[in-house]
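**Q** Sequence first, predicted coordinates after that:
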Amino acid sequence: MADAVILKVGDTLGHYELVEQIGQGGMGVVYRARDVRLRREVAIKVLVAQRTADSRWLARFEREAQVVAALSHPNILALYDFSSDRGVWYAVTELLRGATLRTHLAEGALPVERALDYAVQITRGLAAAHDRGIVHRDLKPENILITSDGVVKILDFGVAAMSTGEVAGAGDAPTTTPPPAGDTGPAGTLAYMSPEQLRSQLVDHRSDIFAFGVTLYEMLTGRHPFHDASAADRVGSILRDAAPSLTILNPSVSPGLERVVLRCLEKSVLERFQSARDIRFALHAVGHATESVPAWRPTTPLPPAASIAVLPFRDMSPGGDQDSFCEGVSEEIITALARVPGLRVAARTSAFQFKGQALDLGRIGEALHVATVLDGSVRKAGNRMRISVELLSAADGYHLWTERFDRHLADVFAVQEEIAETVVLMLKGRLAREGAARFITPHTKDLDAYLLYLEGRYHWSRRTETALVKSAACFESALVRDPDYAEALVGLADALITLGTYGARSPGDVMPKATRAVDRALEINPELAGAYVSRGCIRSVYEWSWTAAATDFERAIDLNPAHPTARHWYAINHLVPMGRFDQGFEELHRALELDPLSLAIRTSLGIAAYFAGRSEQALAELAKAIELDETFSVGRLFRGLALATLSRWDEARAELEAVIRLSGRRPEALAALGYLHGLAGDREAAHRIRAELEALSATRYVSPSMPAQVHAGLGESSRALDCLEQACEVRAAEVAWLRVRPAFASLRDEPRFQALLRRMNVAEGSRA
């Protein structure tokens, strides 16, 4: 160790200057440091020399960095960099100002309201980690920091494990990998280990739930739930004893809240909460409630009696591989019920937000403003299926109707018809049923084509590039079996349109094919609302035939006024690009009323506000979208751009770097970061991004509008216009919003820019 580098305050590591030592542990030393390149304060964790010499500790340090880098969440410490300099390995993170939860607990129990606030934030961070297949394995008050403004940050993923596959379900063996070679004994801190950790068994995310339960118990009572006379006594107590009653130790804790904590502390993983999200919903439900006050109280007017949410049916099939079929059956019932006049039906996107969550009827009813909920399950084996359904009152959980259908798979349309008919009889009465046409009208006689269609819609709803490619392939396979299947033609068009508008494929490759598909669908069925929505989108963002597009969107809305996507796409793909913001916001709000939990619609409200130059409004709307899904990269991308318009450079940079981690360095995320670097004056970083986009274009489609953004940020107007002219030549989807994009505001007085707007028929006074 004679040659080991001895660090002191004032030294540099890479482009970081050490300012002061702020912590030390068994693995390393933590410094407050200054990033001289980006001019911001950071924290640097340096692996101590003795650990660097041990390949096992170096591997563990690197693994911690990899785990944190895979996560991007407001309640998890953000990683900026991981590198070495002169043989010294270090990790760079955001600099947090605050104190650990252990410090907050030094004076005893926390007020119940504050404990609940911290607990909900912890579950959000855990849910994000578990969604990535990451188990913390050492959750405890020392690894939870409360910032000076009350934000919870989960720290120290040094002993975290990566899942090898899907999370283990009830009755399954945990699937998390054991500690790396060289680790001995169970990983973590004894006082917070779950029974399965203490027994050195493989663990999964439910071990974190046990540790969370111990931590929440301490927050509410000021003491550990298990006997601690010695380490051996504590191990025995964790394995054997029930935790003392919280309500006795702290009378402010309600019985409902006590049940939540004790369920986290169950010895058996099967008896605990099965996800961090389930805990969060349970905490929201109990709140400050006592047993004499209902946990759920409506805060809005009561929903109409004839209103329903159809939840995605659960897959109970032996192979657990029928998710697309289950979702498809649910979606077909939603579509059928939505045709019934006077029946309010929650949109698919909002209802499906509750997939995989504990059945909290009050919360579902309030969130979706419905009086009833249809829940169900599907068991499919070979050519047989069993569909079980129950119609429930959202207010009190009473069963209004329960039925089980054991049928041949070919009877799926008849079963869907019977379910829809019974729901209408229950909610609207026999007269409504007798005056209605068939609810379920099979649009193909080929069962296999129908199953392929359901699978295609399932993949399309995921919206990732891989899923969209699978979606298009499913629709094409369905059309091989039935070339006149109009719904499959619209599905194919939607998959291709989305690939084009998301920048995953060249519009010239996908839009003409989408046009042929949707035109053929309308030849087969001129009353198909979804086909007009698809064609309206093509005519807007690809053909720039704005008047014809408006006719299509308005026709779709006439055919189905409750079609949220029709209003959504009309607003964001037509009205907003034309600068008709007030009408666009009106349509988006109508769409949100129809689909209140739609991530896409809520995000589009933020995007529209950003394009309208209302950055603060955009941030507020995007915050609501990110609350629905913190990993949704599109929402976070536009949040970063909105922050940039307010010159909040550090926040914008952190957000866009998070988007790049989430999206895998997709072109639009890189372009946004390059644009930001240019605006912020870091020309070298901006040019590196531009070069990366150029290199990326050799292996995949990169719209010319992407480097145009970087050049605009750098103030290189001529080069930006060159790229935009190329983008117009290939009819890149993004240029449809050219008139309103803040990134190109500096170019708006340029004659070449005005010529582009005229060419696209979006100049002031244009009509096309």
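**A** The structure has been received and is ready for your questions.

**Q** Show the contacting residues for I22.
**A** V30, Y31, R32, A43 (Cβ atoms under 8 Å, 6 or more residues apart in numbering). Where you see a C-beta, it was placed from the backbone N, CA and C, and this is true even at glycine.

**Q** Name the helix or strand for the first one, please.
**A** Put plainly, it is V30. Taking DSSP states H and E as the definition, V30 sits inside strand 28-35.

**Q** still on that earlier bit, need the max-distance pair from the contacts of I22.
**A** Spatially, the most separated pair among those is V30 and R32, at 8.1 Å (Cβ to Cβ).

**Q** shared neighbours, these two?
**A** Residues touching both V30 and R32 (Cβ under 8 Å, 6+ apart): Q21, I22, A43.

**Q** On the three-state scheme, the last one is what?
**A** Yep, that's A43 we're talking about. strand (DSSP: H, G, I helix; E, B strand; the rest coil).

**Q** So for the helix or strand harbouring D375, mean pLDDT?
**A** Assigned by DSSP H and E, D375 falls within strand 372-381. Average pLDDT, strand 372-381: 92.

**Q** Please compute how far that strand lies from its chain's middle.
**A** 24 Å (Cα atoms, centre = their mean, to the nearest Å).

**Q** Whatever helix or strand comes next after that strand pairs with which strands?
**A** Per DSSP H and E, the first helix or strand lying C-terminal to strand 372-381 is strand 384-393. Strand pairing for strand 384-393, determined by DSSP bridges: strand 372-381 (antiparallel), strand 399-408 (antiparallel).

**Q** For strand 384-393, list every residue counted as buried.
**A** The neighbour-count check on strand 384-393 (16 or more other Cβ atoms under 10 Å) flags M385, I387, S388, V389, L391, L392 as buried.

**Q** Repeat that for stretch 587-600.
**A** E587, L588, R590, A591, L592, L594, D595, P596, L597, S598, L599, A600.

**Q** Next: stretch 98-105.
**A** Of the residues in stretch 98-105, those buried (16+ other Cβ under 10 Å) are G98, T100, L101, H104, L105.

**Q** Could you list which of these belong to helices?
**A** Among the buried residues of stretch 98-105, the residues falling in helices (DSSP state H) are L101, H104.

**Q** and of the buried residues of stretch 98-105, the nearest to V92?
**A** Distance to V92 across these (Cβ to Cβ) is lowest for G98, with 18.6 Å.

**Q** was I right about L597 contacting K355?
**A** No - here L597 does not reach K355: they are 11.5 Å apart, not a contact under Cβ atoms under 8 Å.

**Q** Who are the packing partners of the host helix or strand of D558?
**A** Secondary structure assignment for D558, by DSSP H and E: helix 546-559. Counting contacts by 3 or more Cβ pairs under 8 Å, 6 or more residues apart in numbering; DSSP states H and E, helix 546-559 is packed against helix 529-541, helix 564-570.

**Q** who's in contact with it?
**A** 527-530, 532-533, 535-537, 539-540, 543, 563, 566-567, 569-570, 573-574, 578, 761-762, 766-768.

**Q** so where is the stretch 51-200 of the chain shaky, pLDDT-wise?
**A** For the stretch 51-200 of the chain, the stretches with pLDDT under 70 are 51-61, 63-71, 157-188.

**Q** can we see that at 50?
**A** Low-confidence segments of the stretch 51-200 of the chain, defined by pLDDT under 50: 159-185.

**Q** which stretches of it form helices?
**A** Secondary structure of the stretch 51-200 of the chain (DSSP state H, counting those that start in this stretch): helices located at 55-69, 101-104, 112-131, 195-198.

**Q** Would you mind getting the angle between the helix or strand following the last one and helix 112-131?
**A** Scanning forward in sequence from helix 195-198 by DSSP H and E, the next helix or strand is helix 205-221. Compare the direction of helix 205-221 with that of helix 112-131 by axes from the mean of the first three to the mean of the last three Cα atoms, to 10 degrees and you get 170 degrees.

**Q** what comes up buried for the helix or strand just after helix 205-221?
**A** Remark: after helix 205-221, the chain's next helix or strand is helix 231-240, criterion DSSP H and E. Of all the residues in helix 231-240, those buried under the rule 16+ other Cβ under 10 Å are R234, V235, S237, I238.

**Q** for stretch 347-357, same thing?
**A** For stretch 347-357, by 16+ other Cβ under 10 Å, it's A347, R348, T349, S350, A351, F352, Q353, F354, Q357.

**Q** can you tell which of the helices and strands packed on helix 546-559 is closest to F611?
**A** When those are compared (using Cβ to Cβ), the closest one is helix 529-541, at 14.0 Å.

**Q** Could I get the contacting residues of R407?
**A** R384, M385, R386, I387, A414, V415.

**Q** one more time with 6 Å, if that's ok
**A** V415 (Cβ atoms under 6 Å, 6 or more residues apart in numbering).

**Q** That one bridge partners, please.
**A** M385.

**Q** coming back round to it: what subset of the contacts of helix 546-559 is buried?
**A** By 16+ other Cβ under 10 Å, those give 528-530, 532-533, 535-537, 539-540, 543, 563, 566-567, 569-570, 573-574, 578, 762 as buried.

**Q** low-scoring pLDDT stretches of this protein, where are they?
**A** By pLDDT under 50, the low-scoring segments of the chain are 1-2, 159-185, 288-300, 430-435.

**Q** tell me which element L656 falls in.
**A** Using DSSP H and E, L656 falls within helix 649-663.

**Q** Off-centre distance for the helix or strand following that helix?
**A** Later in the chain than helix 649-663, the nearest helix or strand by DSSP H and E is helix 667-680. Centroid separation between helix 667-680 and its chain, computed with Cα atoms, centre = their mean, is 23 Å.

**Q** still on that earlier bit, can I get the shared contacts of V30 and R32 in TSV with distance to H443?
**A** Output for those, formatted as TSV (distance: Cβ to Cβ, whole Å):
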residue	distance to H443
Q21	69
I22	65
A43	58
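
**Q** Dump the helices and strands packed on helix 546-559 to a markdown table, plus distance to G328.
**A** Formatted as a markdown table, the helices and strands packed on helix 546-559 follow (distance: least, Cβ to Cβ, whole Å):
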| stretch | distance to G328 |
| --- | --- |
| helix 529-541 | 15 |
| helix 564-570 | 17 |
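
**Q** how is this protein carved up into domains?
**A** 12-94, 98-286, 307-442, 665-768 (automatic domain parsing).

**Q** Helices of the stretch 301-450 of the chain, start to end?
**A** Under DSSP H, counting those that start in this stretch, the stretch 301-450 of the chain gives helices at 323-338, 348-351, 361-368, 412-428, 430-434, 447-462.

**Q** and of the strands paired with strand 384-393, who's closest to R639?
**A** Closest approach to R639 among the strands paired with strand 384-393 is made by strand 372-381 (32.6 Å; Cβ to Cβ).

**Q** which residues make contact with that closest one from outside it?
**A** 308-311, 313-314, 316-318, 322, 326, 361, 364, 386-392, 394.

**Q** how about a cut-off of 7 Å?
**A** Applying Cβ atoms under 7 Å, 6 or more residues apart in numbering, the contact partners of strand 372-381 are 307-311, 313-318, 322, 325-326, 329, 359, 361, 364-365, 385-394, 400, 423, 427.

**Q** Many thanks, I have nothing further to ask.
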